[in-house]
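**Student:** sequence-free structure coming up:
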């Protein structure tokens, strides 16, 4: 029995994967990667973990009380009955048919989150949405937890979709290294987060680009509550969480006060500055947004604010804003104000200048690459027009028919009877998991595809065991990466796991839509079809791609589409001639005041960027710490957590605090503690970190939610504590970073 080694790819990059005798044995770095991620090391242990779903499983009381039995209160509290595949598929098809017949497709919610696999065909979100569209439709969702507020505000301000801005109208790293002399990073640029990118990033280069920029003599300023959000060689400007807009306003006030504003650029390329200026100077509300005003809010000394503003005005400056800033109440405001500040500097449209979003949030942002279309599973039109902002699922389930506002529209939540979830773990990425647990009892049926018994799978009614990427063939390719991978089936499916596609094909056949869903192709046929179409599209653009058989033989190739020559100056045409190349805003210019938003009448998102103080619903005198819940360093979201949690002492997760906060609470470094508020509680291991500003607790996401008998999560999941409220009526995004907590030693925490 010999060992097989293949190069594989994932959302955290490429690696060498070894298998022997039907088992994965080892994952090793790829030599072509200058800074490989460590995440892959956990893959073999996770794939063969005891928490794998072995067979189709149906929750006992649902099985006994179906159809439509309202016994949702027992979800997560009782066992499952394993059934043969045909029997489980029959049950699921009958229930889907009952709901669509009796209540219409508007009663079905199609949940997914897109990170299931880096493979282009076995993309869980594409699979479930295609299936549900083919059988009559489903209620969909808008945007993502990562960028919900940004996706709402950017089209109003810059006239383009946020994802288009991210990939097509931002400075690439070679251009930054060549031209930028001051980089002000609100929320930092974190190498930890940049190890992951949608579809994969083969060469992890963010850390290297920052080092190269630093060596040019450029000044890199990490603005935020954590030193660790940028490399040590960057200057750290400690900031109270959620106060970035106050600092930006004070910087803008300084530019205006000292005559450093580029009025010519504003006159040509922006609209509404007069309204914003009245707000800055206090003419509109009686409060000038001076550095002295901002200092007690954000914790930055007035002279340091003035000095930074002068530096930004005198050098080629790039303002970057992390995705984390808009995951908070009023999260639209830092994105809007960052654009306004860049416009006042007048450097939008210049190489290495202006504003950019998400550098370091994922690895592909800033890549200098020629983008090609690629291998996407076709989606039939969804007949159902109803949708929700993605972070509002608990609201929808708890308040069917309830009225809500979103981006200028007045909408109502649909009455969901069946939730079909394939790809993603909402009990990881949603806020206030106690509230989500209550909402999760409302649907009549929940069907889940999942390789592992996650918190979501344990709270389902029907669970289909799904394969992992290592148990099926696929093609790996990311839009911001020049590499193309054949992803072979390294091992046979574990236990009775099946591919999502095969599960949906079987259900589609039972529901009379087999031909529409499959178009006569099995998985191999679809892979060949999508790949050949990609080859033809690439050839039409002058890029040669090997045949599928050649790719299988070679394993992976690098396409000639990356390099500094592919870097473009964002907004260059617009800057050169705003009349000939207008933006997609109503004015055709950068909107520093939006008549459209002002007409919505939202007090939580007025017509220009503004300082709106965080409005967490918990009293600061009782809960003295502001909770930050960043992405984990050891995995993507909650993936592979089953294996990582097995390490001695690995769980509960570690919460980091300034040493003064440990001393004030009688906490010992490394001791177990209870982190709590009125929404819930979780256990965590405490660590002192002088790189965290006082008054802040940093607890990463990713632990599988596991509440004990008293409701306390035992693993360290911060979403047991976060607030489930939209960023504003404009964006309705996740406001995870607006939360207050307290921490007490475990032995005395019961009275908290």
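**Tutor:** It's in. Here the structure is a predicted model, which is why all the values come from computation and not from measurement.

**Student:** Which element, helix or strand, includes residue 233?
**Tutor:** Under the assignment given by DSSP states H and E, residue 233 is not contained in any helix or strand.

**Student:** how about residue 90, secondary structure?
**Tutor:** Applying DSSP: H, G, I helix; E, B strand; the rest coil to residue 90 yields a three-state assignment of helix.

**Student:** all helices for the stretch 351-500 of the chain, in order.
**Tutor:** Secondary structure of the stretch 351-500 of the chain (DSSP state H, counting those that start in this stretch): helices at 393-398, 426-429, 433-439, 455-458, 500-510.

**Student:** Go through the third one and flag the buried ones.
**Tutor:** If I follow you right, that is helix 433-439. By 16 or more other C-beta atoms under 10 Å, the buried positions in helix 433-439 come out as 433, 434, 435, 436, 437, 439. Heads up, the C-betas are built off the backbone N, CA and C, glycines and all.

**Student:** before we move on, back to that, between the helices of the stretch 351-500 of the chain, which one is closest to residue 610.
**Tutor:** Residue 610 sits nearest to helix 393-398 of all the helices of the stretch 351-500 of the chain, at 25.3 Å, using C-beta to C-beta.

**Student:** and stretch 325-341, how far out from the chain's middle?
**Tutor:** Distance, stretch centre to chain centre, for stretch 325-341: 16 Å (C-alpha atoms, centre = their mean, to the nearest Å).

**Student:** pLDDT wise, what is the residue nearest to the spatial centre of the chain at?
**Tutor:** The chain has residue 146 as the residue nearest its centroid, 3.0 Å off, counting by C-alpha atoms, centre = their mean. As summarised for this prediction, residue 146 has a pLDDT of 95.

**Student:** Same check on residue 750?
**Tutor:** Confidence at residue 750, expressed as pLDDT, is 47.

**Student:** Show me the protein divided up by domain.
**Tutor:** The domain map for the chain lists 4-47, 57-143+374-478+483-558, 148-370+578-600, 625-751, with the assignment taken from automatic domain parsing.

**Student:** Now tabulate the buried residues of helix 433-439 in CSV and tack on pLDDT and distance to residue 511.
**Tutor:** Below are these laid out as CSV (pLDDT from 0 to 100; distance: C-beta to C-beta, whole Å):
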residue, pLDDT, distance to residue 511
433, 98, 33
434, 97, 36
435, 98, 33
436, 98, 29
437, 97, 30
439, 97, 27
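
**Student:** so how far is residue 453 from residue 55?
**Tutor:** 12 Å (C-beta to C-beta, to the nearest Å).

**Student:** between these two, which one's more packed in?
**Tutor:** residue 453 (21 against 17; other C-beta atoms under 10 Å).

**Student:** Show the contacting residues for residue 186.
**Tutor:** Residue 186 is in contact with 223, 224, 244, 248, 319, 320, 321, 322, 325, 334, 338, counting by C-beta atoms under 8 Å, 6 or more residues apart in numbering.

**Student:** wait, which of these is closest to residue 425?
**Tutor:** Checking the contacts of residue 186 one by one against residue 425 (C-beta to C-beta), the nearest turns out to be residue 322, at 23.0 Å.

**Student:** Next, the contact list for the closest one, please.
**Tutor:** Residue 322 makes contacts with 185-190, 224, 229, 357-361, as judged by C-beta under 8 Å, 6+ apart.

**Student:** State the distance from it to residue 93.
**Tutor:** Spatial separation of residue 322 from residue 93 under the definition C-beta to C-beta is 44 Å.

**Student:** cool, residue 514 as well?
**Tutor:** 12 Å.

**Student:** residues near residue 62, how many?
**Tutor:** Other residues lying near residue 62 total 26 when counted by other C-beta under 10 Å.

**Student:** I misspoke; the intended subject was residue 233.
**Tutor:** Residue 233 is surrounded by 10 other residues when neighbours are defined as other C-beta under 10 Å.

**Student:** same check, this time on residue 301
**Tutor:** Here the neighbour count serves as a burial measure; for residue 301 (other C-beta under 10 Å) it reads 11.

**Student:** What values do phi and psi take at it?
**Tutor:** Phi and psi for residue 301, reported as degrees, to the nearest 10, are phi -60, psi 140.

**Student:** my read: residue 408 touches residue 595, true?
**Tutor:** No - with contact defined as C-beta atoms under 8 Å, residue 408 does not reach residue 595; the gap is 11.8 Å.

**Student:** beta partners for residue 119?
**Tutor:** On DSSP bridges, the residues paired with residue 119 through beta bridges are residue 476.

**Student:** okay, now it: neighbour count?
**Tutor:** Using other C-beta under 10 Å, residue 119 has 23 other residues around it.

**Student:** hang on, isn't it packed against residue 467?
**Tutor:** No - with contacts defined as C-beta under 8 Å, residue 119 does not count as touching residue 467, sitting 10.7 Å away.

**Student:** For the stretch 401-550 of the chain, which segments are assigned as strands?
**Tutor:** 403-406, 409-412, 418-422, 445-450, 462-465, 474-477, 483-487 (DSSP state E, counting those that start in this stretch).

**Student:** who wins for proximity to residue 646 among the ones you listed?
**Tutor:** Nearest of the strands of the stretch 401-550 of the chain to residue 646, taken as C-beta to C-beta: strand 445-450 at 18.7 Å.
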